[in-house]
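A.B. asks: no FASTA, just this:
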Ligand SMILES: Cc1cc2nc3c(=O)[nH]c(=O)nc-3n(C[C@H](O)[C@H](O)[C@H](O)COP(=O)(O)OP(=O)(O)OC[C@H]3O[C@@H](n4cnc5c(N)ncnc54)[C@H](O)[C@@H]3O)c2cc1C
């Protein structure tokens with residue numbers, strides 16, 4: 001199905017989807033083309049804005065001068081995060097937290113992770129190893145071991161429920177079944193757990209997590225919270241599902257599961273892209289384009305022996321030195337130089353050193369974003385997605 005749009009967004013990750021939402025809210029006709037599902041499906045579903053310091057927004061000033069957050073500005077980052085929260089609330093998946101406050105939430109390894117906004121199912125997930133905590137696990141559930149958590153707490157215990165299935169997604173689906181949910185709540189009530197919070201791996205429903213969470217909390221009259229699990233991550237999938245629902249509700253056209261086959265240019269402008277498909281070709285025309293194809297994980301960037309290329313428009317790509325300097329010897333050390341690779345943009349999020357006037361770039365494909373080092377992945381994707389939308393929205 002060919003089409004003509006005000007703005008065509010290539011890449012359906014958080015940055016591309018937030019750009020689409022922002023443009024659709026301004027009445028623009030928008031399409032999102034995505035080769036596959038985004039990285040946020042593997043994430044905790046939490047919105048990391050910037051891990052350093054107590055106030056992530058205040059910390060933006062200490063980032064290197066070339067970090068993309070500086071192009072957005074503190075006020076606009078805060079507004080973009082508020083837009084994200086509004087959208088997720090409208091979709092029945094509210095996020096809690098204060099954009100000026102970092103929090104430490106408990107992880108499935110019994111450690112803490114710094115983040116900012118969290119799904120409501122993690123509202124009480126703050127890490128406090130001195131407070132009593134009771135962990136619920138599920139019989140034979142893969143990749144979740146309550147002992148990891150209890151061993152790091154001075155006073156903690158766990159209990160195991162048998163859901164009859166062993167996968168994260170399978171258990172989450174079961175929670176959306178009323179008799180199963182009631183059986184679980186009765187079981188939980190009968191445990192006679194000492195005062196304190198109750199932690200459950202993030203399996204409390206797939207798309208109906210809010211309902212399930214409130215019913216479990218009310219059913220046992222205690223503070224319950226979810227712990228994000230290893231991928232596949234239910235909170236990450238819910239985040240993706242919520243944004244996708246918002247796009248559809250706002251009339252955004254989705255071309256999903258399709259990569260770009262060819263690009264049509266006329267002078268300094270991109271006129272259209274053609275989508276790869278088994279049958280007829282699909283031509284998608286736009287007045288403006290936003291590139292949001294992500295970094296190496298999603299295939300927006302591709303690394304070869306000594307080069308890195310951008311895979312849709314073959315844009316000039318910043319490369320930090322030669323391959324020998326890309327990685328630290330210690331794999332787990334933060335700040336591998338290769339994380340700086342990406343597309344450099346001007347203050348309107350247009351790629352530098354190109355002759356193209358109607359292309360803007362956002363998200364983790366941006367040069368110098370270093371999302372792992374600064375732990376700013378979803379926050380930066382939201383902020384630059386909305387900023388790129390504003391930059392091109394005025395032109396169409
Ligand atoms: C395992 C893991 C866990 C993480 N956990 C967290 C976390 O807990 N909190 C946090 O804040 N951040 C986390 N991050 C980082 C964060 O999720 C990402 O930085 C952010 O979601 C990136 O969003 P994006 O929109 O830039 O790109 P992506 O999510 O990478 O999306 C890019 C999209 O573009 C599509 N695409 C690529 N090439 C093409 C093409 N040629 N044509 C069409 N479409 C194309 C891809 O299929 C993909 O859907 C995590 C990252 C990873 C890898």
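C.D. replies: Good, I have the coordinates. Computed from a predicted structure; not experimentally measured. Numbers count the residues shown, from 1 in each chain.

A.B. asks: tell me which stretches of the stretch 1-150 of the chain form strands.
C.D. replies: Here the stretch 1-150 of the chain has its strands, by DSSP state E, counting those that start in this stretch, at 3-10, 30-34, 95-96, 103-106, 112-115, 118-119, 133-138.

A.B. asks: hmm, residue 221 and residue 193 touching each other?
C.D. replies: No. Residue 193 sits out of contact with residue 221 when judged by C-beta atoms under 8 Å, with a separation of 10.9 Å. Backbone N, C-alpha and C define where each C-beta goes, glycine included.

A.B. asks: between those two, who's got more neighbours?
C.D. replies: residue 193 (18 against 8; other C-beta atoms under 10 Å).

A.B. asks: tell me the contacts of the more buried one?
C.D. replies: 134, 157, 159, 222 (C-beta atoms under 8 Å, 6 or more residues apart in numbering).

A.B. asks: residues contacting the closest residue in space to the last one that isn't next to it in sequence?
C.D. replies: For residue 222, the nearest residue in space outside its immediate sequence neighbours is residue 198; the separation is 5.3 Å by C-beta to C-beta, 6 or more residues apart in numbering. By C-beta under 8 Å, 6+ apart, the contact set of residue 198 is 133-136, 188, 220, 222-225.

A.B. asks: what angle sits between the lengthiest strand in the chain and strand 3-10?
C.D. replies: Identified as the longest strand of the chain according to DSSP state E is strand 282-291. Going by axes from the mean of the first three to the mean of the last three C-alpha atoms, to 10 degrees, strand 282-291 is angled at 40 degrees with respect to strand 3-10.

A.B. asks: in strand 282-291, which residues are buried?
C.D. replies: 282-284, 286-291 (16 or more other C-beta atoms under 10 Å).

A.B. asks: could you measure from the closest residue in space to residue 384 that isn't next to it in sequence over to residue 148?
C.D. replies: Once flanking residues are discounted, residue 384 sits nearest to residue 362: 4.0 Å by C-beta to C-beta, 6+ apart. Residue 362 sits 36 Å away from residue 148, taking C-beta to C-beta, to the nearest Å as the criterion.

A.B. asks: does residue 45 touch residue 231 like I think?
C.D. replies: No. Between residue 45 and residue 231 there is no contact under C-beta under 8 Å: 11.2 Å.

A.B. asks: out of those two, which sits in the more crowded spot?
C.D. replies: Regarding residue 45 and residue 231, a neighbour count based on other C-beta under 10 Å identifies residue 45 as having more, with 28 against 14.

A.B. asks: give the contact list for residue 372.
C.D. replies: 334, 336, 339.
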